[in-house]
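J.: no sequence for this one, just the structure:
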């Protein structure tokens, strides 16, 4: 009996081995034995690889490697710099921009990059079919060019036309002033795409434009890397160097972007050597990773976290209460408890890097005594206030909202206020604070897209909103006024004044501009962090 | 279709049989008690539960601080959580609350959430199960229809794994302690309903019921005075075991980010999640609540198992 | 047997249909708004309204339900609001990861659980028995996510023996055909990739497999003990048959039934346990995707994925019952 069973087991093992070896021949291995691979962990997979239809950082992280725009940024700053356009000029009326293009540039499919290609891109954007004119797709174009050629927004659209003056000169004409035009051209959504590849693989009319063959398998730009593969299940995107790249050729053989959704998971993967670097390091990990010998790169902060008052709710309609709360808050302590090392407190609603930042805004020192006194004067000492905060979310401007909430609450309690916490998942939270009058003080913020104060002030105070709960047409007009001007030099003093007036009015308290950090293995060199994440990996090197 | 009952701990479905014939003359309760007393694991379970309940009730006497008070928030930074000191025996937690206080009051939360949610599941489930089982045993077209309808609803609920069901319900109810309790309670309903129904139907075929039938007793009377009481045992066992699962599931839902809006709430699952990001520097923040959950669940499981064995004569060997 | 299977499959239809109705109602009862989830903090009211219009969320609920059921009858579960990808495609992309994890967990539980349970039963009351029984109790009462965190801390962070997350080392550049990474490695002959995928399954597999392991141990022990006490085994022993023969012929075969039922049940529960495990180990399976969809209020994904999970859960239960019938003729009769 025993021997039978051994025979049976033996037969089973043999069968498995046999099946295994038969199977082993059945599918071709697609490996190509790349040696020098740069593996980077992002917090989410890209949504599509056609950047025109994207507006999220994780999509742009990948498309920045594949595509380039007419305008880039000076390394490490938000200043516009030449990229595919060598130079540009603005017409006297301020409405036309002429770009001189870089010579000898080709798209990954061999199509030459020239003035025709530039115009093809602009025409494509303007002609976006109505079905895709939504903020989840063509957000940046709709927002910055104030509308499309067709549909409900056609009236307000400012794009007038594009002309190819010669092979390497293109002129864009607008219907209305847009001082931020050049800076906006550095947005990854406005990267140049191959007209031939678009023609062949993209279907702009499709309702599922994000998942067309172009957006998932054939993205074609002029950048240092070209598309290799995208595994939808694991969220892994692979890119290889583009051999005919016009600029500095990539130094690694391959780039892999993997998806790890938690900061902690990314840190662990780096420690285990499975990745070479990652973005959005958790505040608690910055110091320990640095101690262990990993290199930490800090981006200059281009974001703002604020504590907002809902003035539709008493007692926040009383300026004394708002001032009292401003004096109650110790920003340094908030930073130490919930933000990465190196974060600076904020004193206005735009970060320091933005053109239009005012050096002399009204400030509110940490002074609990004064806070108590003001609350007393307003007759609300010891009152209960509602404090909304989001859970299970981490944004670059708000790495750990629950910690931020916790420390701010303890400071408010220290001046005698009673705090009633209301937490919600991110989605419900946005609905609550942006779409209902039913909230008190709350945490929210913004990460800038490009160097334009309107990108902050216009977003917050451009019109009446349920989030802030006040109606001040004068302020709304003041915020909108600079947009009628054609240059940033003219705009600057106006925006500085807006910043001063806003801090006087005190609709909320800017808390800080948290430093977004990246972490890398010791042998990674050449990664340059950018405040607007304009980070292209051709200079990245893996040393031994 | 008949889906097997996933008993809460996943242990074997409770054996359902008529009252042991050899126990005739001795009341079911007393016989069970006698057997229970002789089981050492029952004692261990009872002691753990006793301690747990004691801590839960006496928490205010055991610590000088308030629960969920983040008075010391300023002492905690992103890189440092103060460890044990004379003032704080177990140190502070990530939010600057006293760790020992949080743990002690956590027992209170767990007890409250566990008991209330199991009660919800028990009451609603047995009501449904009794209705279905009673109707099924009484028979007739209406009886069969009632039985079938109820059981189809139960089948639909059972088609979704229970944790997923609880998550779904809690997600709708929003962020509050009540939401968690209701969700976990509701997720237990189908288990209790099935259990009671099948146990009643099994009894319906037992000899003594057939005898009662033959004697001409009214069917509804048989249901009320024979079937129901004799099905109580397995239900009690299941409830005890479910208390263990409920305590673990409360923690799991907190872990998934559902639950009270209070960040520093004295709730073991919540404490465990919060500690995760600080695991390397302060492992105690995660280990202590984790162990507390496991030990408490162990207490209820031991008692529940012992109770099951005491109730089921087949296991007495 | 075939009639039995056909009847059960038929009965599944109303259950799943009922579930689809409940799911439709459920996602719409969730607080929050998918359009806002899609647009984030920059959402303008006009933008939200436009998205709702395009996706049809502004239409009467009954009309939306009609569209949903109509599509469902054609086998179309819709497309994700977040990614624009068909729900069915996404499920098929993510499911292999979860299934691979669940199988690893189940393998761990069965391979270890059945012998341990048998051993404990044979030495009832002895030291082995006590150790096995108390160990299995600990397994049942330790929350999955706590165990997962502990395992990761000890074996990944402190000892560095095993990876802490992901499914495979991205550097291996493995070829993926079926998305079952271990199988893919074997199919393509990339044995290092198969091995690496296997290594990545160890910690999450143990974390997920511990509760099933504990339960299988207990059931095996109980049912083997019961059979050992039965008359025919005693008779066999009295007849002087070798212990080994008795175990195989009489004990294991008869004790197998409840064990198999349990394994089947656990297989279903593993699917929901996977949600927690995948979260801890950054494992891209249906669990973590589904949880993300709750946060994003991605209605079609929520409806479709849960329906799929329920279908699989029901099918596993059916399979268990069928196997039951194969092993135990008595079941077939009833």
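T.: That came in fine, so what should we check first? Worth saying up front: this structure is predicted, and the values here are computed from it rather than measured. Residues are numbered from 1 along each chain as shown, chains lettered A, B, ... in the order given.

J.: got the contact list for the residue in the stretch 201-334 of chain C that chain A sits nearest to?
T.: Ranked by CB to the nearest CB, the top residue of the stretch 201-334 of chain C for proximity to chain A is residue C:282, at 3.8 Å. All C-beta spots, glycine's among them, are computed from the backbone N, C-alpha and C. Taking CB atoms under 8 Å, 6 or more residues apart in numbering or on different chains, we find residue C:282 in contact with A:260, A:261, A:262, A:265, A:269, C:165, C:166, C:288.

J.: change it to 10 Å
T.: When contacts are counted by CB atoms under 10 Å, 6 or more residues apart in numbering or on different chains, residue C:282 touches A:41, A:258-262, A:264-266, A:268-269, C:164-167, C:204, C:288.

J.: with residue A:108 instead?
T.: A:66-67, A:194, A:197, A:218-223, A:225-227, A:242-245.

J.: can you select the buried ones from those in PyMOL?
T.: Only the buried members of the contacts of residue A:108 enter the following PyMOL selection, criterion being 16 or more other CB atoms under 10 Å in any protein chain shown:
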select buried, chain A and resi 66+67+194+197+218+219+220+221+222+223+225+226+227+242+245
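
J.: which of the contacts of residue A:108 fall in helices?
T.: A:66, A:197 (DSSP state H).

J.: inside strands: which ones of the contacts of residue A:108?
T.: Residues of the contacts of residue A:108 located in strands (DSSP state E): A:225, A:226, A:227.

J.: residues contacting the last one?
T.: Read that as residue A:227. A:49, A:62-63, A:65-66, A:108, A:216-221, A:237-240, A:242.

J.: repeat the analysis, applying 6 Å as the threshold.
T.: residue A:219 (CB atoms under 6 Å, 6 or more residues apart in numbering or on different chains).

J.: tell me how many other residues surround residue 199.
T.: Unless you meant another one, I'm taking chain A. Using other CB atoms under 10 Å in any protein chain shown, residue A:199 has 12 neighbouring residues.

J.: actually chain B
T.: Residues near residue B:199, counting by other CB under 10 Å: 25.

J.: could I get the average pLDDT for the helix or strand that contains it?
T.: Under the criterion of DSSP states H and E, residue B:199 resides in helix B:177-204. Taken as a whole, helix B:177-204 has a mean pLDDT of 86.

J.: low-confidence ranges in chain A?
T.: Residues of chain A meeting the criterion pLDDT under 70: A:1-26, A:32-34.

J.: need the contact list for the most centrally placed residue in chain C.
T.: For chain C, residue C:271 is the residue whose C-alpha lies nearest the centre (CA atoms, centre = their mean; 2.4 Å). Neighbouring residues of residue C:271 by CB under 6 Å, 6+ apart: residue C:309.

J.: ok, it to residue B:189 distance?
T.: Distance, residue C:271 to residue B:189, using CB to CB, to the nearest Å: 20 Å.

J.: likewise for residue A:210?
T.: Separation of residue A:210 from residue B:189 (CB to CB): 41 Å.

J.: next, count neighbours for residue C:180.
T.: Number of residues near residue C:180 (other CB under 10 Å) recorded here: 18.

J.: quick one: contacts for it?
T.: With CB under 6 Å, 6+ apart, residue C:180 has these contacts: C:96, C:100.

J.: so which bits of chain B are right by chain A?
T.: With the criterion set to CB under 6 Å from any CB of the partner chain, chain B comes near chain A through B:70, B:73-74, B:77-79, B:95, B:175, B:257, B:261-263, B:277.

J.: let me redo that: chain C
T.: Residues of chain C lying near chain A (CB under 6 Å from any CB): C:31-33, C:36-39, C:47, C:50-51, C:54, C:84-85, C:93-94, C:163-165, C:169-171, C:173, C:175, C:177, C:179, C:186-190, C:245, C:282, C:284, C:295, C:297.

J.: and these, which are buried?
T.: C:31-33, C:36-39, C:47, C:50-51, C:54, C:84-85, C:93-94, C:163-165, C:169-171, C:173, C:175, C:179, C:186-190, C:282, C:284, C:295, C:297.

J.: find the centremost residue of the chain, please.
T.: Going with chain A. Centre-most residue of chain A, counting by CA atoms, centre = their mean: residue A:57, 4.1 Å.

J.: the intended chain is chain B.
T.: residue B:243 (2.1 Å).

J.: pretty sure it sits against residue B:119.
T.: No: Residue B:243 is not in contact with residue B:119 according to CB atoms under 6 Å; the separation is 9.8 Å.

J.: identify the contacts common to the two.
T.: With CB under 6 Å, 6+ apart, residue B:243 and residue B:119 have no common neighbours.

J.: near chain C, which residues of the stretch 201-317 of chain B?
T.: Within the stretch 201-317 of chain B, the residues that sit near chain C (CB under 6 Å from any CB) are B:248, B:251, B:255, B:290, B:293, B:294, B:297, B:298, B:301.

J.: tell me, how many neighbours does the third one end up with?
T.: Using other CB under 10 Å, residue B:255 is surrounded by 23 other residues.

J.: list the residues that contact it.
T.: Here residue B:255 is in contact with B:269, B:273, C:145 (CB under 6 Å, 6+ apart).

J.: phi first, then psi, for it.
T.: phi -60, psi -40 (degrees, to the nearest 10).

J.: and for the second one?
T.: Torsion angles at residue B:251 (phi, psi; degrees, to the nearest 10) stand at phi -60, psi -40.

J.: what sits closest to it if chain neighbours are left out?
T.: Closest residue in space to residue B:251, ignoring its immediate chain neighbours: residue B:269 at 2.9 Å, by CB to CB, 6 or more residues apart in numbering or on different chains.

J.: residues touching the one helix or strand the one you found maps to, excluding its own?
T.: For residue B:269, the element it lies in under DSSP H and E is helix B:268-276. For helix B:268-276, the surrounding residues in contact (CB under 6 Å, 6+ apart) are B:94, B:106, B:250, B:251, B:254, B:255, B:285, B:286, B:289, B:290, B:292, B:293.

J.: could those residues go into JSON lines alongside secondary structure and pLDDT?
T.: Shown next, in JSON lines, are those (DSSP: H, G, I helix; E, B strand; the rest coil; pLDDT from 0 to 100):
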{"residue": "B:94", "secondary structure": "coil", "pLDDT": "88"}
{"residue": "B:106", "secondary structure": "helix", "pLDDT": "92"}
{"residue": "B:250", "secondary structure": "helix", "pLDDT": "89"}
{"residue": "B:251", "secondary structure": "helix", "pLDDT": "86"}
{"residue": "B:254", "secondary structure": "helix", "pLDDT": "84"}
{"residue": "B:255", "secondary structure": "helix", "pLDDT": "80"}
{"residue": "B:285", "secondary structure": "helix", "pLDDT": "91"}
{"residue": "B:286", "secondary structure": "helix", "pLDDT": "90"}
{"residue": "B:289", "secondary structure": "helix", "pLDDT": "93"}
{"residue": "B:290", "secondary structure": "helix", "pLDDT": "92"}
{"residue": "B:292", "secondary structure": "helix", "pLDDT": "94"}
{"residue": "B:293", "secondary structure": "helix", "pLDDT": "93"}
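
J.: most widely separated two among those residues?
T.: Within those, B:94 and B:250 form the most distant pair, 19.7 Å apart (CB to CB).

J.: for the contacts of residue B:255, which single residue is the most surrounded?
T.: Result: residue B:269 is most packed of the contacts of residue B:255 (other CB under 10 Å), 31 neighbours.

J.: tell me, how many residues neighbour residue 292?
T.: In the absence of a named chain, this looks at chain A. 13.

J.: hmm, I had chain C in mind actually
T.: Residue C:292 has 15 nearby residues by other CB under 10 Å.

J.: next SSE downstream of the helix or strand where it lies?
T.: Here residue C:292 sits within helix C:286-296, counting by DSSP H and E. Counting by DSSP H and E, the next helix or strand C-terminal to helix C:286-296 is helix C:299-327.

J.: between helix C:286-296 and that next one, find me the angle.
T.: Angle, helix C:299-327 to helix C:286-296, by axes from the mean of the first three to the mean of the last three CA atoms, to 10 degrees: 150 degrees.
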